[in-house]
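>>> Predicted coordinates and the sequence they were generated for:
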Amino acid sequence: MQNYMEILVNEVFNEVKEKYNICSNKNCENDIKATALNNLPPAYFLSSASEGEKKAFLLDRQRKITVLTKITEAVDIVCSKCEHKKKRG
């Protein structure tokens, strides 16, 4: 069983982490993802769901925007408390 929202958060986070100079410490990255996921609904598919339905979920533009918003909010929360050298600018 897999939470597809977690897959989407990982994908969006990896797309934006270099652009926004987010702390590269793994604990900070995990905290950002966890904070974002705690503010997003989980998404599980039934065994009868097709691969197309799952792919459509991951490619939905509005959903990606929502995930990006939650990641941005999480970065603000986590990075404001970050004690590592490479902080968000």
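That came in fine, so what should we check first? Residues are numbered from 1 along each chain as shown.

>>> which helix of the chain spans the most residues?
When the chain is parsed with DSSP state H, its longest helix is helix 61-79.

>>> tell me which strands and helices it is in contact with?
Helix 61-79 is packed against helix 4-16, helix 26-38, with contacts defined by 3 or more C-beta pairs under 8 Å, 6 or more residues apart in numbering; DSSP states H and E. (Glycine included, C-beta is placed from N, CA and C.)

>>> I'd like to know which of the ones you listed lies nearest to residue 58.
helix 4-16 (5.6 Å; C-beta to C-beta).

>>> Name the residues of that closest one that are buried.
The neighbour-count check on helix 4-16 (16 or more other C-beta atoms under 10 Å) flags 4-6, 8-9, 12-13 as buried.

>>> do stretch 59-73 as well
63, 66-68, 70-71.

>>> to the chain's geometric centre, what's the distance from that stretch?
8 Å (C-alpha atoms, centre = their mean, to the nearest Å).

>>> Name the nearest residue to residue 31, sequence neighbours excluded.
residue 78 (4.7 Å; C-beta to C-beta, 6 or more residues apart in numbering).

>>> so how far is residue 19 from the one you found?
Using C-beta to C-beta, to the nearest Å, residue 78 is found at 17 Å from residue 19.
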